[in-house]
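>>> Starting from these lines, generate the structure:
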Amino acid sequence: MFEFFWHLGSFVLALGILVTVHEYGHFWVARKAGVKVLRFSIGFGKPLVKWYDKHQTEYVIAAIPLGGYVKMLDERVDDVPEQERHLAFNNKPVLSRIAVVAAGPIANFLFAVVVLAVMYMVGVQSVKPVVGEVTPTSIAADAGFQSGDHIIALNDELVHSWQDVTFELMAHLGEPSLVAKVQDEKGSFAIRTLRLSDWKLEKQDEAPLTSVGITPFRPPLTLQLGYIEEGAAADKGGLQVEDTLVAINGDKLASWQQLVNRVQKSANQAISIDVLRDGQPQTLTVTPQAKTSPEGVVQGYLGVVPVMEKWPNGYIETRQYGILDSMVLGIRKTYDLIALSFDMIGNLITGQVSVKNLSGPVGIAVSAGNSVSYGLVAFLGFLALISVNLGVFNLLPLPVLDGGHLMYYLIELIRRKPVSEKTQEFGFKIGAALLLALTFFALFNDVSRL
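Predicted coordinates:
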């Protein structure tokens, strides 16, 4: 229950920040363009809090935290007094209307730049991209990747972390190949060419690295317990943090994977586990719970996480930058994220990426909660990513979104007369239907992940 409220609170916090930034972009430019703003609302539905400023603009925080809006004076929806007609949005020049509408997504992009710059100033911790395992008959195996390869560059772009590697992989999805420069375990440099022409992300939530056959290096897992899930089988059976597992059903354990294999085959079956606790041997009886895997297989589940051995020297790096360098990096990273977001939309349309990978509010809530749990830097990175995605999504040419309004205004700019009200209304209905269908599909994906 705590986890639910943690994710919910993190989601409301993150979305509240991003919606406020987006709507403030519209609000600020509207004011500068001489448009009268009637309401600035964060959320929909019943107002929880509201107040007015000296311009008689109503500010609202509403009950449903799934968006927001800026209501402007407009003759198409309001009875506008003659003396205020010059303040109506629809009476402003088309370039002014374009500026007001585009300001929301632009505000999201600028916010991402600032957030990323702060993140780089605080310091970004990363893991050296060293290959742990290579899946046989995979794209990586065909390219010649080996365990211990340190990936230095991809298409001459230096990479410092697995995040960098994943980003470059996604940026080249749909291209014929990606050339990797690596340093093997012996210190020799080599070139590995990933053939990507047939690569697609077809499985739900499959990581790009896994898809091409690369498992990042991780220190070995010990048999000591580092975490026990409250209420899970291990907790009910009496296992404790810092217990060292010695044997299962009398068979001595040599590795964590051996334990996992035995437990998964023992759903709802009592097993005997020998442990060392404070140096003293104990024997406990535990009954693993039955859980269904994503592949539909019923497996045993203990609810424990082992302690990992320490990382080798030099594998964990914290990079911290000055103000100027951080701003430059923030601008560059935001540009890369915008380009990648548009690429992903194209890949979804062409089928390079399965629509099963779309996430809705539930998926975003879980990601928000996890990022808050990992600390400030992770949360800042999450905010920047979602802010860019929100900006890009709003630029899609659907009439109910900012991009749809911009499409109409650009047509007006070219034709020198507005698109007819009837055409706009029809477009809004089509756009609303598509958006609703997309939302339901994303929610379906979210539920299937639970």
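>>> At which residues are the helices of the stretch 201-350 of the chain located?
Taking DSSP state H, counting those that start in this stretch as the test, the helices found in the stretch 201-350 of the chain are 208-212, 233-236, 256-264, 323-350.
>>> swap in the stretch 1-150 of the chain?
Using DSSP H, counting those that start in this stretch, helices in the stretch 1-150 of the chain cover 2-32, 94-122, 139-143.
>>> most packed of the ones you listed?
helix 94-122 (a mean of 21; mean count of other C-beta atoms under 10 Å). No exception for glycine: its C-beta is placed from N, CA and C like everyone else's.
>>> excluding its backbone neighbours, what's nearest F217?
Nearest residue to F217 in three dimensions, chain neighbours excluded: G132, at 3.7 Å (C-beta to C-beta, 6 or more residues apart in numbering).
>>> how near is the one you found to V307?
G132 sits 18 Å away from V307, going by C-beta to C-beta, to the nearest Å.
>>> And the two? Which one has more around it.
Set G132 next to V307 and count neighbours by other C-beta atoms under 10 Å: V307 wins out with 17 against 13.
>>> which residues sit in contact with F44?
A62, A63, I64, L66, G67, G68, Y69 (C-beta atoms under 8 Å, 6 or more residues apart in numbering).
>>> if we go to 7 Å?
Contact partners of F44, counting by C-beta atoms under 7 Å, 6 or more residues apart in numbering, are A62, I64, L66, G67.
>>> What about these, which one has the most neighbours?
A62 leads these on contacts (other C-beta under 10 Å) with 19 neighbours.
>>> which secondary element of the protein has the worst mean pLDDT?
helix 361-374 (a mean of 45; mean pLDDT, DSSP states H and E).
>>> following that one, which helix or strand shows up next?
helix 376-394 (DSSP states H and E).
>>> Buried by neighbour count: which residues of that next one qualify?
In terms of neighbour count (16 or more other C-beta atoms under 10 Å), helix 376-394 has its buried residues at 377-394.
>>> Can I get the contacts of F44 in TSV including distance to F189?
As requested, these are exported to TSV (distance: C-beta to C-beta, whole Å):
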residue	distance to F189
A62	58
I64	56
L66	51
G67	51
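>>> Could you dump those residues into TSV with pLDDT and distance to I273 added?
Listed next are the contacts of F44 as TSV, based on pLDDT from 0 to 100; distance: C-beta to C-beta, whole Å:
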residue	pLDDT	distance to I273
A62	90	52
I64	83	48
L66	78	46
G67	83	50
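>>> quick one: which of these is nearest to E82?
Nearest to E82 among the contacts of F44 is A62, at 32.1 Å by C-beta to C-beta.
>>> separation between that closest one and F11?
Distance, A62 to F11, by C-beta to C-beta: 16 Å.
>>> Ok, H405 next?
Relative to F11, and taking C-beta to C-beta, H405 is found at 27 Å.
>>> Can you tell me how far the nearest residue to V21 once chain neighbours are set aside is from A339?
Excluding its sequence neighbours, the residue lying closest to V21 (C-beta to C-beta, 6+ apart) is F111, at 4.5 Å. To A339, F111 is 18 Å away according to C-beta to C-beta.
>>> can you check L221 too?
For L221 relative to A339 (C-beta to C-beta), the value is 38 Å.
>>> List the contacts of the residue nearest to I386 when sequence neighbours are not counted.
Leaving aside its sequence neighbours, I386 sits nearest to L18 (C-beta to C-beta, 6+ apart; 6.0 Å). L18 makes contact with N108, L383, I386, S387, L390, according to C-beta under 7 Å, 6+ apart.
>>> change it to 10 Å
G68, A107, N108, F111, A112, L383, A384, I386, S387, N389, L390, G391 (C-beta atoms under 10 Å, 6 or more residues apart in numbering).
>>> any idea which of those is the one closest to A33?
Checking these against A33 with C-beta to C-beta, the nearest one is A107 at 14.8 Å.
>>> Contacts only, for that closest one.
Taking C-beta under 10 Å, 6+ apart, one finds 18, 20-29, 387, 390-391 in contact with A107.
>>> So what's the predicted local confidence for it?
A107 carries a pLDDT value of 96.
>>> so what pLDDT did the residue lying closest to I106 once chain neighbours are set aside get?
Counting by C-beta to C-beta, 6+ apart, G25 is the residue found nearest to I106 once chain neighbours are left out, at 6.0 Å. For G25, the pLDDT comes out at 95.
>>> between L221 and A339, who's got more neighbours?
L221 (17 against 13).
>>> Please name the nearest non-neighbouring residue to that one.
W256 (4.0 Å).
>>> now L158
L158 sits nearest to I152 (C-beta to C-beta, 6+ apart), 6.9 Å away.
>>> you'd agree the one you found is in a helix?
No: I152: not assigned to a helix; according to DSSP: H, G, I helix; E, B strand; the rest coil it is strand.
>>> Could you give the separation of stretch 122-131 from the chain centroid?
Taking C-alpha atoms, centre = their mean, to the nearest Å, one finds the center of stretch 122-131 at 18 Å from the center of the full chain.
>>> Would you mind measuring the gap between the ends of that stretch?
Stretch 122-131 has an end-to-end distance of 28 Å (C-alpha to C-alpha, to the nearest Å).
>>> Any buried residues in it, and which?
For stretch 122-131, burial by neighbour count (16+ other C-beta under 10 Å) applies to V124, S126, V127, K128, P129, V130, V131.
>>> ok, the first one - contacts?
Yep, that's V124 we're talking about. Going by C-beta under 10 Å, 6+ apart, V124 touches 116, 160-161, 163, 317-321, 329, 377-378, 380-381.
>>> Can you give me the neighbour number for the nearest residue in space to T57 that is not next to it in sequence?
With C-beta to C-beta, 6+ apart as the criterion, T57 has its nearest non-adjacent residue at 4.8 Å, and that residue is V37. Look at V37: counted by other C-beta under 10 Å, it has 22 neighbours.
>>> All set, thanks.
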